[in-house]
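*Asks:* This is a predicted model, with the sequence first.
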Amino acid sequence: MRKRLTGVSLAAFLTLGLTLGTVACGSGGGSNGSGDSGALDPSGATSSANAAGTVASPAATASGSASGPRSFAFPQGFTVQFQTPLPASGTQRAAMIGYENYVDSLWAAVSSQGSDTAYRQYMGGNALTFADNLIAEFKNGDDKLSGTVVYFDISVPQVFYGAGAVVQACVDASGLSMVNAETGKTAGTVFDSSYQHYQEQAATGKSAAGAWTVSHTENSPASSAGSSGVCI
């Protein structure tokens, strides 16, 4: 039977032990300006393949300067897309760049079955624990990651003294699947059905060296409850 992270497991790895405000103040996290997993990119365009046969994240292709997201490569058949433009400047922009670097580095590691280890530079705490466990699902090479994950409605609802922030995003993971590496047949979903669409909150912070990283994350399934619902 193929393994996959269940909703319970995902929630356990992403449960916040401390308040996001407290963690963000003392963490070294950050993010870029988009949010949500799914199958769309910020401009609505499809990523193009490069000569090496990999696909660059739409967010990463603009990483020509230190003020933009870093560049990560993904294998053919898998993409990460962001639908929220980066803020023009300030702490919110820095935090969102840090968040996008966290997201891209996570999926670069998972899609490479752990061979891309750059993700450790962009996360810590339970975010790193979650990444390590997700990578382990693919490390034996039996399955590979396929499809698209979309991040949308990304915002920075809280900023702490210019050195920490909470980044909130909606994620559409319904386009992701685990595919048998030999047969190419779908082996299952990456996450439990409860987490095909979910909201993520990330505690980000600026390190002494000036880099923004993610130190803690919390997520919850999308919901239609309330006046406007959550990530629907």
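*Replies:* All right, it came through fine. Residues are numbered from 1 along each chain as shown.
*Asks:* Next one: the residue nearest to Ala163 when sequence neighbours are not counted from Tyr161, what distance?
*Replies:* Distances taken as C-beta to C-beta, 6 or more residues apart in numbering place Lys206 nearest to Ala163, at 4.6 Å, with adjacent residues excluded. From N, CA and C alone the C-beta is placed, and that goes for glycine too. According to C-beta to C-beta, to the nearest Å, Lys206 and Tyr161 sit 10 Å apart.
*Asks:* Ala211 too?
*Replies:* 17 Å.
*Asks:* quick one, which of the two is more surrounded?
*Replies:* Remark: of Ala211 and Tyr161, Ala211 carries more neighbours, 18 against 10, as counted by other C-beta atoms under 10 Å.
*Asks:* Hmm, the more buried one is touching Ala94, no?
*Replies:* No: judged on C-beta atoms under 8 Å, Ala211 makes no contact with Ala94 at a distance of 9.5 Å.
*Asks:* State which strand of the chain is the longest.
*Replies:* strand 143-160 (DSSP state E).
*Asks:* Rounded mean pLDDT for it, please.
*Replies:* Strand 143-160 shows an average pLDDT of 95 in the prediction.
*Asks:* Okay, now the sheet partners of that strand, with direction.
*Replies:* If you go by DSSP bridges, strand 143-160 pairs up with strand 78-82 (parallel), strand 164-172 (antiparallel), strand 176-180 (antiparallel).
*Asks:* In JSON lines, list those strands along with distance to His216 and mean neighbour count.
*Replies:* As requested, these are exported to JSON lines (distance: least, C-beta to C-beta, whole Å; neighbours: other C-beta atoms under 10 Å):
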{"stretch": "strand 78-82", "distance to His216": "21", "mean neighbour count": "27"}
{"stretch": "strand 164-172", "distance to His216": "10", "mean neighbour count": "27"}
{"stretch": "strand 176-180", "distance to His216": "23", "mean neighbour count": "19"}
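*Asks:* Among those, single out whichever gets nearest to Gly141.
*Replies:* Each of those has some distance to Gly141 by C-beta to C-beta; the shortest is strand 176-180, at 10.6 Å.
*Asks:* I'd like to know the average pLDDT value across the closest one.
*Replies:* The average pLDDT within strand 176-180 is 93.
*Asks:* Export it to CSV, keeping only CA atoms.
*Replies:* In CSV, the C-alpha atoms belonging to strand 176-180 read as follows (Å, rounded to 0.1, in the frame of the first residue of the first chain):
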residue,chain,number,x,y,z
LEU,A,176,-0.5,17.1,-6.6
SER,A,177,-0.1,13.4,-6.9
MET,A,178,2.4,10.6,-6.2
VAL,A,179,3.2,8.7,-9.3
ASN,A,180,4.9,5.3,-9.6
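*Asks:* Out of the strands paired with strand 143-160, which gets nearest to Phe138?
*Replies:* From the strands paired with strand 143-160, taking C-beta to C-beta, the stretch that ends up closest is strand 176-180, at 7.6 Å.
*Asks:* Any buried residues in the very next helix or strand once past that closest one, and which?
*Replies:* Next along the chain after strand 176-180, taking DSSP states H and E as the criterion, comes strand 186-188. Taking 16 or more other C-beta atoms under 10 Å as the basis for neighbour counts, the residues of strand 186-188 that come out buried are Ala187.
*Asks:* Within its sheet, name the partner strands of strand 186-188 and how each one runs.
*Replies:* strand 176-180 (antiparallel).
*Asks:* which outside residues touch the partner strand?
*Replies:* 2, 4, 37, 77, 137-138, 142-149, 185-191 (C-beta atoms under 8 Å, 6 or more residues apart in numbering).
*Asks:* Filter these down to just the buried residues.
*Replies:* Judged by 16+ other C-beta under 10 Å, buried ones among those: 4, 37, 137-138, 143-149, 187, 189-191.
*Asks:* Many thanks, we can stop here.
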